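J.: sequence first, predicted model second:
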Amino acid sequence: MCGIVGAISKDKNIVPLLITGLENLEYRGYDSAGVAYFKNKKINIVKVTGKVNKLKDKLKENESSNIGIAHTRWATHGKATTINAHPHKFKHITLVHNGIIENFNILKEFLIEQGYSFKTNTDSEVAAAILNYYYEKYTDIDKTIQEFMSTIIGSYAIGFIVDNDYENIYCLKKESPLIIGVSNNTNMISSDIRAILKYTNKYYILDDFEYAKIDVSKVIIKSRTGDIISKELKEYIDEDANSSKGHYKHYMLKEIMEQKETILKTALPFIEDGINSLLTLPDLTKYKEIDIIGCGTAYHAGLVAKYLFTELTNTRCNVYLASEYRYQNNFLNKDTLSIFISQSGETADTIAALKLVKKKKCPNLGIINVKESSMTLLVDKCLYTKAGNEIAVASTKAYTAQVTILSLLALSHGYRNKTINKNQVLEVLKEFKNIKTLITPILNKKETYLSIAKNIYKEEDIFYIGRGLDYALSMEGALKLKEISYIHSESYAAGELKHGTISLIKKNTPVLCSATNDKLNAKTISNLKEVLARGANVYLITNTKIKDDSFKIINIPKTSDFIKPILIVIPYQLIAYYTALLRGTSIDKPKNLAKSVTVE
Ligand code: AGP
């Protein structure tokens, strides 16, 4: 996934606008960046390998232009090199692209037969070449774009400019997000409205197979057949206007600490007036089964929900990785509710899975954090998490917000299903209202997490284990550590270790575990003894009194299963953070990753 931005202005130098836009889009990818702009009627292109600040340094001081496009990349086809960076210029066409052109090889072969030659192995250069091919064939932009749309298989959000056409930026999209920001005398395109809020909060959302011609004073949006269409001009209200790091060293730490507020903010609409508020959540009793689909951390939130629905509401619940779900037989039917979880609302695999369910006209629900994101426009109903802008690539406050919504959904369902009585419900609602008091002491154990980090940060292999709900949490704990510290960390069902993986346990291998289920704890402790016997160092998160000096124990308060996942994950988040801090990695923007994975 990549970030694209473009700007055309009657009275502003748009180069700084493009750079600011890219800086706000780096969450979508940051291995290379570039900008193309008209200067003295010629298109200048400046590209770098690395982050946007390197592009800024390479641009001449006060470089100016009134029309340009820019791109920050997460490499899909072709290494992160300057030549593979966007914008790509192919004769008359200069473009920036987010997405994947799936039939680029066949198209490249066709163009080579037409005498075309290429500088890169990227699909995006082929996209530029195809646009150029049709532009030379028809010289008409509408026909060029329409033919392009008919030719391309895959996903794209494209902005492009044309030699000698100093008045217009063109853009088109299919499956990858693209908006058009409008203001007096300056119009912009962007992968995300939040990236250009400094310049405007008024914008159009392009839908699939729509395209636009943009000049300094007007935006003409057309359908695939070339008919002009009028779109609703939206206004983005940014509740996180000042999402800066503040006094924190990293966004990730800030966002972990913000959970003192964001969990309650997410829960409040469904708990403030007790059971009445809770029952405003969708009634799931009409469904026989619940499928939950997501990727990464969102998938892990789904695993927590699976436990809650299955064990506490007696409802069959299946959780799927979106990238698997979209290619398997899913026995979709109207009695199954499909719940899609996504922080960004832009994850390509999750969107594709959602489109499958919609195509079969089956019921679906979204649990999403970013307003107006692609998925919010596709789901039957959206339950917003209120985590606010999550800037760090490693998801923390969004995860606990997702778990909050899922927990309350399961709680309301259990109440309706009569598997959870009124007193139990009131007890859980009280815990949610008291969440800040419950988690603040856990958040404040910095010295504990730092000492664990000091013990593990030089290790090459680290294991996270657990049973039941604790196993689901071990997956999230392992992902947090690996994605920001780059240490190979693996989650394993505690009872499964002895079936092979325990062969990897050696002296000082760190094993992190949570044991919070009175029915299962004795078994888990036995598994911990097994790894201890092979030299492991064990770090145990638990809500029961376990007297055993062979474990480094982190105690958390005893609560219901609906709150427990939130209390368990916080130590895992902070151990990952402090371990990465000691390793000096790029915590907010880890290598190879991006915040929103808009390609498959
Ligand atoms: C989690 O820390 C990662 N950033 C990643 O696994 C993420 O959860 C996944 O890509 C799903 O993103 P989404 O919630 O925006 O769909």
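T.: Great, that's in hand.
J.: what is the mean pLDDT for the one helix or strand Leu479 maps to?
T.: Element membership for Leu479 (DSSP states H and E) is helix 469-485. Here helix 469-485 scores 98 as its mean pLDDT.
J.: list the helices and strands the very next helix or strand once past it packs on?
T.: The first helix or strand that comes after helix 469-485 along the chain, using DSSP H and E, is strand 488-493. Strand 488-493 sits against strand 461-466, helix 469-485, with contacts defined as 3 or more Cβ pairs under 8 Å, 6 or more residues apart in numbering; DSSP states H and E. For every residue, glycine as well, the C-beta is placed using N, CA and C.
J.: I'd like the ones you listed written out as JSON lines, with mean neighbour count added.
T.: Putting the helices and strands packed on strand 488-493 into JSON lines (neighbours: other Cβ atoms under 10 Å) gives the following:
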{"stretch": "strand 461-466", "mean neighbour count": "24"}
{"stretch": "helix 469-485", "mean neighbour count": "26"}
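J.: redo the ones you listed as JSON lines? Include distance to Lys433.
T.: Shown next, in JSON lines, are these (distance: least, Cβ to Cβ, whole Å):
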{"stretch": "strand 461-466", "distance to Lys433": "27"}
{"stretch": "helix 469-485", "distance to Lys433": "22"}
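J.: right, so of these, which gets closest to Asn276?
T.: helix 469-485 (28.1 Å; Cβ to Cβ).
J.: tilt between that closest one and strand 488-493?
T.: 170 degrees (axes from the mean of the first three to the mean of the last three Cα atoms, to 10 degrees).
J.: one step back: figure out which of the helices and strands packed on strand 488-493 is closest to the ligand.
T.: Among those, helix 469-485 comes nearest to the ligand, with 5.7 Å by Cβ to the nearest ligand atom.
J.: alpha carbons only: can I get the closest one in CSV?
T.: The C-alpha trace of helix 469-485 is given here as CSV (Å, rounded to 0.1, in the frame of the first residue of the first chain):
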residue,chain,number,x,y,z
LEU,A,469,-8.6,-16.6,26.0
ASP,A,470,-5.0,-16.5,27.2
TYR,A,471,-3.9,-18.2,23.9
ALA,A,472,-5.8,-15.5,21.9
LEU,A,473,-3.9,-12.9,23.9
SER,A,474,-0.6,-14.6,23.4
MET,A,475,-1.0,-14.2,19.6
GLU,A,476,-1.4,-10.4,20.0
GLY,A,477,1.5,-10.3,22.4
ALA,A,478,3.8,-12.1,19.9
LEU,A,479,2.7,-9.9,17.0
LYS,A,480,3.4,-6.7,19.0
LEU,A,481,6.9,-7.8,19.9
LYS,A,482,7.9,-9.1,16.4
GLU,A,483,6.6,-6.2,14.4
ILE,A,484,8.4,-3.5,16.3
SER,A,485,11.5,-5.3,17.8
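J.: angle of it against strand 461-466?
T.: Using the same axes, to 10 degrees: helix 469-485 against strand 461-466 is 150 degrees.
J.: helices or strands next to helix 469-485 in the packing?
T.: helix 296-307, strand 461-466, strand 488-493, strand 510-515, helix 564-583.
J.: can you add distance to Thr200 and mean pLDDT and give these back as CSV?
T.: What follows is those, written out as CSV (distance: least, Cβ to Cβ, whole Å; pLDDT from 0 to 100):
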stretch, distance to Thr200, mean pLDDT
helix 296-307, 30, 98
strand 461-466, 44, 98
strand 488-493, 42, 97
strand 510-515, 46, 98
helix 564-583, 35, 98
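J.: pick the most buried one from these.
T.: With neighbours taken as mean count of other Cβ atoms under 10 Å, these reach their highest mean count in strand 510-515, at a mean of 28.
J.: helices or strands up against that one?
T.: strand 461-466, helix 469-485, helix 521-532, strand 537-542, helix 564-583.
J.: gap between stretch 517-536 and the chain center?
T.: On the basis of Cα atoms, centre = their mean, to the nearest Å, stretch 517-536 is displaced by 34 Å from the centre of the chain it belongs to.
J.: in that stretch, which residues are buried?
T.: Across stretch 517-536, burial judged by 16 or more other Cβ atoms under 10 Å covers 517, 520-521, 524-525, 527-528, 530-532, 536.
J.: which positions in the chain make contact with the ligand?
T.: For the chain, the residues in contact with the ligand (Cβ under 6 Å from any ligand atom) are 295-298, 342-344, 347, 350, 393-395, 483, 596-597.
J.: repeat the analysis, applying 5 Å as the threshold.
T.: 295-298, 342-344, 347, 394-395, 597 (Cβ under 5 Å from any ligand atom).
J.: and stretch 171-187, end to end?
T.: End-to-end span of stretch 171-187 (Cα to Cα, to the nearest Å): 12 Å.
J.: buried ones in it?
T.: For stretch 171-187, using 16+ other Cβ under 10 Å, the buried residues are 171-182, 186-187.
J.: contacting residues for the residue positioned nearest the centre of the chain?
T.: What sits nearest the mean C-alpha location of the chain, by Cα atoms, centre = their mean, is Ser596, with 3.7 Å. Contact partners of Ser596, counting by Cβ atoms under 8 Å, 6 or more residues apart in numbering, are 1, 27-28, 344, 346-347.
J.: same thing but 6 Å
T.: Contact partners of Ser596, counting by Cβ atoms under 6 Å, 6 or more residues apart in numbering, are 1, 28, 344, 346.
J.: my guess is the second one contacts Leu593, does it?
T.: Going back to what we said before, that points to Arg28. No: between Arg28 and Leu593 there is no contact under Cβ atoms under 6 Å: 10.6 Å.
J.: now do the shared contacts for those two.
T.: Contacts common to Arg28 and Leu593, judged by Cβ under 6 Å, 6+ apart, are absent.
J.: who has more neighbours, the two?
T.: Comparing Arg28 with Leu593 by other Cβ atoms under 10 Å, the one with more neighbours is Arg28, at 27 against 17.
J.: fine by me, we can end here.
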